[in-house]
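[1] Next input, structure requested:
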Amino acid sequence: MSLLPETGRRVDEIAVRAQAEGRTPSLALAIVRDRAVLHQVFAGEQPRPDAKTQYRLGSITKTITATLVMQLRDEGAFALDDLLYRHLPGTPIGGVTLRQLLGHISGLTREPDGAWWERTVGGDVDTLLAELGYDKVVGPPFRRYRYSNLAYGLLGAVLEKVTGETWQTLAGKRVLDPLGMKRTTYAPVEPFARGYVVHSLDRSLHEEPRLDAGAMAPAGQLWSTVTDMAKWAAFWTDPAPTVLARETVDEMCAPVVISDLESWTGGHGLGPQLYRAGERVFVGHGGSMPGYVAHFAVHRRSRLGVIVFANSYGLAGTSIKKVALSALSTVVDGEPVLTAPWQPPVPPTGEAAAVVGRWWWMGREFEITCDGDSLVMTGPNHWTRFTREGPDRWRGVEGENEGELLQILRHDDVSVAALDIATFVFKRDPKHLA
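    Residues are numbered from 1 along each chain as shown. The predicted structure is shown next:
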């Protein structure tokens, strides 16, 4: 499977122009769907990249750290609303929650104490914690979005304290190995692109050191390739149950905060960043480390995604995020929607057989159909999926009435008389209004 020729040509143009006008030594871009690379573009000569060339992910690493946090939450190791001091006792900033750290609403400063961590050899977790002071809290939690690398260093510290294993070990055995991401590594492994600062005056290249971030590794350490990142992008559209349940990934992709209060074009979930482009919302994350910028984004409904790497500290006149979202929008606009073949429905049985069909409320018609083990209700501006909770009780799990109870009301405990959904009563009679 590949992109339509015209879509592919437009993606090529976006990538090649970004490399040339952005003045980056090399750029790699891939379009993915369902773990498969549909299209890839490689531009530049330092190095001449291919699908096996590693680039540094920078803050895309945070999405893996967030996945580890949610795994352990699901396993009962802690709750997202636990205060930090419960797991890191003695810290002067322990009054923030894990949820606030994940969503960048903790009120913490952007960076830890000391020299710029991206340009120095990182210390260990104990050193990071020992250097923390009350001055790291610069605003009350939930007051506003405040991006914080420190927050993710602290989440990594929590993971290590709770499990007794290093963040590097946890990332490998809990995320990278199960997804088959063999070329996603803690340190660079040849072939990898050297990273540069491109001077704005004489266009000269200055190679950046590739330092171990230490305790701040959970915020930006990892290296990867477009092939491996295709698997990571696919995870956000079709989660692997061995890593996280779909419901948990859905929870991570729900907005915790809007980062752009003027136009509502950006937000943050429990790990991933959210981007509104027109009427669509993309999920992903950007990243930068000295000498590198990277970005991935997915459109979950169409299962399409984009990965972009460049080995320069920024792009002249644009950003890696703009390149990624432009390419992804082009593909979502240009590619046909995949339509599943129609299959004759399996006849409903039991309670489901008694409630499928048309129902009325306030002069409006609704229809209930059976979809596997679920009931699906559709109507004017309405869609809800229900699953059976017990005799005559179905719970909304998706849609307008998510969380609400559908209760089957019967005549003399035999035939179905009505449906009570969150106290709203639906009947078979088209004249029913109440």
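[2] Report the contact partners of the nearest residue to Arg428 once chain neighbours are set aside.
    Taking CB to CB, 6 or more residues apart in numbering, and ignoring the residues beside it in sequence, Arg428 has Trp359 as its nearest neighbour in space, at 6.5 Å. All C-beta spots, glycine's among them, are computed from the backbone N, C-alpha and C. Counting by CB atoms under 8 Å, 6 or more residues apart in numbering, Trp359 touches 365-368, 377, 419, 426-428.
[3] Repeat that for Gln40.
    Applying CB under 8 Å, 6+ apart, the residues near Gln40 are 28-31, 51, 226.
[4] In a helix, Gln168, correct?
    Yes. Checked against DSSP: H, G, I helix; E, B strand; the rest coil, Gln168 lies within a helix.
[5] is it true that it touches Pro218?
    No. Using CB atoms under 8 Å, Gln168 makes no contact with Pro218, being 9.3 Å away.
[6] These two: which is more packed in?
    Neighbour totals were compared for Gln168 and Pro218, and Pro218 leads with 31 against 18 (other CB atoms under 10 Å).
[7] Hmm, Ser8 is touching Ala15, no?
    One thing to correct before we go on: residue 8 is Gly, not Ser. No. Here Gly8 does not reach Ala15: they are 10.7 Å apart, not a contact under CB under 8 Å.
[8] Those two: which has the busier surroundings?
    Set Gly8 next to Ala15 and count neighbours by other CB under 10 Å: Ala15 wins out with 25 against 19.
[9] Residues contacting the helix or strand where the more buried one lies, please?
    Ala15 belongs to helix 5-21 when elements are defined using DSSP states H and E. Helix 5-21 has contacts (CB under 8 Å, 6+ apart) with 2-3, 24, 26-27, 29, 31, 39, 41, 43-44, 308, 310, 315-318, 323, 326-327, 330-331, 334-335.
[10] For that helix, buried residues please.
    Residues of helix 5-21 classed as buried by neighbour count (16 or more other CB atoms under 10 Å): 7-8, 10-12, 14-16, 18-19.
[11] Tell me the one of those nearest Glu131?
    Closest to Glu131 out of these is Ala18 (38.6 Å), distances taken as CB to CB.
[12] what's the pLDDT at that closest one?
    The score at Ala18 is 98. That number is its pLDDT.
[13] With Trp117 instead?
    68.
[14] Look up the closest residue to Pro191, ignoring the ones flanking it.
    Thr53 (5.3 Å).
[15] And for that neighbour, the neighbour number?
    21.
[16] One more: Gln46?
    14.
[17] Check the secondary structure at it for me.
    Classified using three-state DSSP, Gln46 is coil.
[18] my guess is the residue nearest to Pro191 meets Val189, correct?
    No. Look at Thr53 against Val189 with CB under 8 Å: they stay out of range, at 10.8 Å.
[19] So which of the contacts of Trp359 are in strands?
    365-368, 377, 419, 426 (DSSP state E).
[20] Mind giving me the PyMOL select for the residues you listed, buried ones only?
    In PyMOL, a selection of the buried entries from the ones in strands among the contacts of Trp359 looks like this (16+ other CB under 10 Å):
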select buried, resi 366+368+377+419+426
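[21] Looking at the ones in strands among the contacts of Trp359, which is nearest Tyr292?
    Ranked by distance to Tyr292 (CB to CB), the ones in strands among the contacts of Trp359 are led by Met377 at 48.6 Å.
[22] Got the confidence number for that closest one?
    97.
[23] Return the residues in contact with it.
    Contacts of Met377 by CB under 8 Å, 6+ apart are 359, 366-368, 383-384, 386, 399, 401, 421.
[24] looking at this protein, which helix or strand is least sure?
    helix 125-130 (a mean of 90; mean pLDDT, DSSP states H and E).
[25] which secondary structure elements does the next helix-or-strand element following that one contact?
    Once helix 125-130 ends, the next helix or strand along the chain (criterion: DSSP H and E) is helix 149-163. For helix 149-163, the packing partners by 3 or more CB pairs under 8 Å, 6 or more residues apart in numbering; DSSP states H and E come out as helix 61-74, helix 84-87, helix 98-102, helix 125-130, helix 167-171, helix 217-220.
[26] Pull out the buried residues from helix 149-163.
    Buried residues in helix 149-163, defined by neighbour count with 16+ other CB under 10 Å: 149-160.
[27] And for stretch 295-302?
    Buried residues in stretch 295-302 (16+ other CB under 10 Å): 295-300, 302.
[28] out of those, which one sits closest to Ala234?
    Nearest member of these to Ala234, counting by CB to CB, is Val298, at 8.0 Å.
[29] Give me the mean pLDDT for the helix or strand hosting Thr384.
    Thr384 belongs to strand 382-390 when assigned by DSSP H and E. Mean pLDDT, strand 382-390: 96.
[30] What lies in contact with it?
    Defining contact as CB under 8 Å, 6+ apart, one finds that strand 382-390 is touched by 351-352, 366, 371, 373-377, 394-402, 404-406.
[31] Can you tell me the strand partners of the helix or strand that that strand is followed by and which way each runs?
    Following strand 382-390 in sequence order, the next helix or strand is strand 393-399 (DSSP H and E). Strand pairing for strand 393-399, determined by DSSP bridges: strand 382-390 (antiparallel), strand 405-411 (antiparallel).
[32] Serialize the ones you listed to a markdown table and add fields for distance to His206 and mean neighbour count.
    What follows is the strands paired with strand 393-399, written out as a markdown table (distance: least, CB to CB, whole Å; neighbours: other CB atoms under 10 Å):
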| stretch | distance to His206 | mean neighbour count |
| --- | --- | --- |
| strand 382-390 | 55 | 16 |
| strand 405-411 | 63 | 15 |
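[33] For Gly122, which of these is the nearest?
    strand 382-390 (45.9 Å).
[34] Restrict the closest one to CA atoms and write it as CSV.
    Backbone C-alpha positions of strand 382-390 (Å, rounded to 0.1, in the frame of the first residue of the first chain) are rendered in CSV as follows:
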residue,chain,number,x,y,z
HIS,A,382,-26.7,11.4,19.2
TRP,A,383,-24.6,8.3,19.3
THR,A,384,-23.9,6.0,22.3
ARG,A,385,-22.5,2.5,22.8
PHE,A,386,-23.7,0.5,25.8
THR,A,387,-22.4,-2.8,27.2
ARG,A,388,-24.3,-5.1,29.5
GLU,A,389,-23.7,-4.6,33.2
GLY,A,390,-26.3,-7.0,34.6
